[in-house]
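Enquirer: Provided below for reference: sequence and predicted model.
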Amino acid sequence: MTEQQAKSGGEHAGAAALAAPFARTREGYALFLIAIAFSGFQLITAAHLVNLSSQVIRSVHVGFLILLAMPLIVAATGGSRPARIVAWIIGALGFVVAIYQWVFYEDLLLRSGDLNQIDIWLGILSLVLLFLTAWRVMGPALPIICGVFLAYAMFGEYLPAPFDHRPYDVAQVVEQMAFGTEGIYGTPTYVSSSYIFLFILFGVFLERTGMIKLFTDVSLGLVGHAKGGAAKVAVIASGLMGTISGSGVANVVTTGQFTIPLMKSFGYRASFAGGVEATASMGGQIMPPVMGAVAFIMAETIGVPYAEIVKAAVIPAILYFVSAFWMVHLEAGRANLLGLPKDQCPSAWGALRAGWHLVLPLAALVYLLFDGYTPLFSGTVGLALTAFLLLGGGIMRGVPQMAIRIIFWLVLGLAAAAFVKFGIWVMVGILVVLVTLNAFSKGGREALAIARDSLAEGAKTAIPVGIACAIVGIIVGTMTLTGAATTFGDFVVSIGEKSLFLSLLLTMVTCLILGMGIPTIPNYIITSSLAGPALLELGVPLIVSHMFVFYFGILADLTPPVALAAFAAAPIAKESGLKIGIQALRIALAGFVIPFMAVYTPALMLQDGGALAAAFGYPVEVAYIVFKTVLAIGLWGAAGIGYFLRAMPWWERILATLAAFSLVLALPVTDELGFVLAALFIGQHVWRARMAKRQPAA
């Protein structure tokens, strides 16, 4: 971690420690084995090879997170021997609490509402351990916020109306927070212990099979030679990477290692290069099919299939990347930045021909999700297929005969397809055979090592997400216990009665402020719990209101002064994280209009149509709102960069801003006004650009 990052607080030391490889010491090997055991437990329970109750899985999930996180961070940050011993004690106690919940699961059910003293003390211990771990993993902001909510549950009865609630004793609060499914083992932890962990592993395995190189080569082949090609490669590569990772910061530190130096070498300022990568990478969380962890939590929270969330996200995700692409195109035009020579760019078609098989697990995942299978089942199958590719490649490494290779892959493909009829044990049998065959060749043993390392890396990658999901359950538990969301909701509704736009603006600001200190997941859970019901009461469709909050939770990671994605890009770009954050906000500016326009016209998220759909049909309404949004994005981008076909004077930027704002507002006649102002801006700008071209010749 750089000094600038440490000063800014944008990235806590724990995040940097978790990005470091496992140490080659006895302690490091022990943590490595714990990580593999963690992944193994998650895979066995996800595939239902061992059937445990959901409560037990959640508690063991949190126990593993604490056991792994504390010693890992202290060891990676060079803690003293006493500090390491304390870290291991904390981790071991966290796992003991999980085992207690497992062993006495049925007894705890019978004692529900009447816990004994041991239960209460262990419940308090689990909360203390979780707060300590969260503080080390992600810094003080989220634990402090959750601590305020916990204090409200304990002492809120002493506050003045309307903020007070009825009194609760310690036993009631502890049972709500540390037992059952309302507190730290609530819906966020359920989603983390099933979908999220599985999809993190899926992304890690795909990366290890060579997916990053495939995405980069395809992006270079498509746009590397265009004006500003280096930045456009970053946008496309990060968008493609987002389809498998769902983590903005992970995208920054993977694709950014290539794209940021590439952009700098072609003349982009370091801050702008970092900003482009941060902006594009954060879009990975809304890019189907493997969206960020929030998408799984959202589906579970509002009770809709994950495929519905994906459907709602498709157009906004594409438009987000269109807006980022447009901004870098305008910046390239303003600064006259050219692309790579075409002969230095790889062939996109050639890259696809060489690596098309890597897309098969992703294609299978998408098919299963949209065919009605659960994310848990789809993710398990996708992960198994990725493992087949990795291990099958290890067996075939060094086999020159094409006929043998073709026969092998056909047989493996047919065997894998048999799971549809015979179930998950077919997958297990294939894996056992592949592992056995790999053990007898050098290439095979290398493939097994990659698979082993991927299991450990996946467990480590899941730590920040899992800890955030667990501790934010305290906020959800407090609001469930006290009804705290009603007060904020009434406030938003009272504003919305006068202006829906002001309610949306308040919700957006809440998301951005919360996002300065906490990750996207708790940001979404807090804001959707507070503002979601209020927006629903104001007539905003359920999925749209939650996607609105989700979208701005993502953009919060680009918003200074604390912009996590920007600070992740800082050491790669060798630039101040704050400067990168400012540039990222500027690049993402056009994307801010998308969620607002979706609220006013839900067809942008493929939700039920409005008046236009009734008059002309649903496809017409979708086409209209997409066209209007693209136009608004184009105008915002031109105004933000100060360049369209040529540099824009101040009055043109104001005109473009007014036109874009009118298109977003969606009040009576504002669309008409927006189109007129847009036509006026574009018409006079094109005329002035042509006149400027003629003038030098004259």
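Expert: That came through fine. Numbering: from 1, shown residues only.
Enquirer: Who are the packing partners of the helix or strand harbouring residue 300?
Expert: Using DSSP states H and E, residue 300 falls within helix 293-302. Helix 293-302 is packed against helix 187-191, helix 306-335, helix 442-482, helix 520-537, helix 542-555, with contacts defined by 3 or more CB pairs under 8 Å, 6 or more residues apart in numbering; DSSP states H and E. The C-beta positions use only the backbone N, C-alpha and C, and glycine is treated the same way.
Enquirer: Rebuild these as a markdown table, extending it with mean pLDDT.
Expert: Formatted as a markdown table, the helices and strands packed on helix 293-302 follow (pLDDT from 0 to 100):
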| stretch | mean pLDDT |
| --- | --- |
| helix 187-191 | 81 |
| helix 306-335 | 85 |
| helix 442-482 | 85 |
| helix 520-537 | 76 |
| helix 542-555 | 84 |
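Enquirer: Mind telling me what element the closest residue in space to residue 461 that isn't next to it in sequence is part of?
Expert: In this structure, residue 461 finds its nearest non-sequential neighbour in residue 200, 5.3 Å apart by CB to CB, 6 or more residues apart in numbering. Residue 200 is located in helix 197-208, with elements delineated by DSSP H and E.
Enquirer: Now do the following helix or strand past that helix against helix 197-208: the angle between them, please.
Expert: Sequence-wise, the next helix or strand downstream of helix 197-208 (DSSP H and E) is helix 211-223. If you take axes from the mean of the first three to the mean of the last three CA atoms, to 10 degrees, helix 211-223 sits at 70 degrees to helix 197-208.
Enquirer: So for helix 211-223, mean pLDDT?
Expert: What helix 211-223 shows for mean pLDDT is 75.
Enquirer: Please name every helix or strand in contact with that helix.
Expert: helix 229-245, helix 248-265, helix 348-355.
Enquirer: quick one: buried residues of stretch 617-637?
Expert: For stretch 617-637, burial by neighbour count (16 or more other CB atoms under 10 Å) applies to 621-622, 624-626, 628-629, 631-637.
Enquirer: for it, what is the average pLDDT?
Expert: The model assigns stretch 617-637 a mean pLDDT of 88.
Enquirer: residues in contact with it?
Expert: Defining contact as CB atoms under 8 Å, 6 or more residues apart in numbering, one finds that stretch 617-637 is touched by 315, 319, 322-323, 326-327, 330, 589-594, 597, 601, 603-604, 606, 609-610, 612-613, 656-657, 659-660, 663-664, 671, 674-675, 678, 681.
Enquirer: if we can go back for a sec, redo the helices and strands packed on helix 293-302 as CSV? Include distance to residue 409 and mean neighbour count.
Expert: Formatted as CSV, those follow (distance: least, CB to CB, whole Å; neighbours: other CB atoms under 10 Å):
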stretch, distance to residue 409, mean neighbour count
helix 187-191, 35, 25
helix 306-335, 29, 22
helix 442-482, 15, 23
helix 520-537, 38, 25
helix 542-555, 38, 26
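Enquirer: Of all these, which one comes closest to residue 175?
Expert: Residue 175 lies closest to helix 442-482 among the helices and strands packed on helix 293-302, at 9.9 Å (CB to CB).
Enquirer: how big is the angle separating that closest one from helix 197-208?
Expert: Using the same axes, to 10 degrees: helix 442-482 against helix 197-208 is 150 degrees.
Enquirer: Among the contacts of stretch 617-637, the buried ones, what's the PyMOL command?
Expert: Filtering those down to the buried ones (16+ other CB under 10 Å) takes a single PyMOL command:
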select buried, resi 315+319+322+323+326+327+330+589+590+591+592+593+594+597+601+603+604+606+609+612+613+656+657+659+660+663+664+671+674+678+681
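Enquirer: Filter the contacts of stretch 617-637 down to the ones in helices?
Expert: 315, 319, 322-323, 326-327, 330, 593-594, 597, 612-613, 656-657, 659-660, 663-664, 671, 674-675, 678, 681 (DSSP state H).
Enquirer: Report all helices and strands that the helix holding residue 200 contacts.
Expert: Under the contact criterion of 3+ CB pairs under 8 Å, 6+ apart, helix 197-208 touches helix 26-46, helix 229-245, helix 360-370, helix 375-396, helix 442-482.
Enquirer: re the thing from before, would you mind confirming that the residue nearest to residue 461 makes contact with residue 463?
Expert: No. With contact defined as CB atoms under 8 Å, residue 200 does not reach residue 463; the gap is 10.0 Å.
Enquirer: Show me the shaky parts of the stretch 1-150 of the chain.
Expert: Applying pLDDT under 70 to the stretch 1-150 of the chain flags the ranges 1-17, 19.
Enquirer: Against residue 593, how distant is residue 634?
Expert: Distance from residue 634 to residue 593, counting by CB to CB, to the nearest Å: 10 Å.
Enquirer: Over to residue 360?
Expert: 37 Å.
Enquirer: Grab the nearest non-local neighbour of residue 555.
Expert: Using CB to CB, 6+ apart and skipping the chain neighbours, the partner closest in space to residue 555 is residue 588 (6.0 Å).
Enquirer: what's the neighbour count on the one you found?
Expert: Using other CB atoms under 10 Å, residue 588 has 24 other residues around it.
Enquirer: That one contacts residue 328, correct?
Expert: No. Contact criterion CB under 8 Å: residue 588 and residue 328 do not qualify, at 11.6 Å.
Enquirer: Assumed residue 431 was part of a helix.
Expert: Yes. Counting by DSSP: H, G, I helix; E, B strand; the rest coil, residue 431 is located in a helix.
Enquirer: when you give positions from now on, start the count at 21
Expert: With the count now opening at 21, the last piece we talked about shows up as residue 451.
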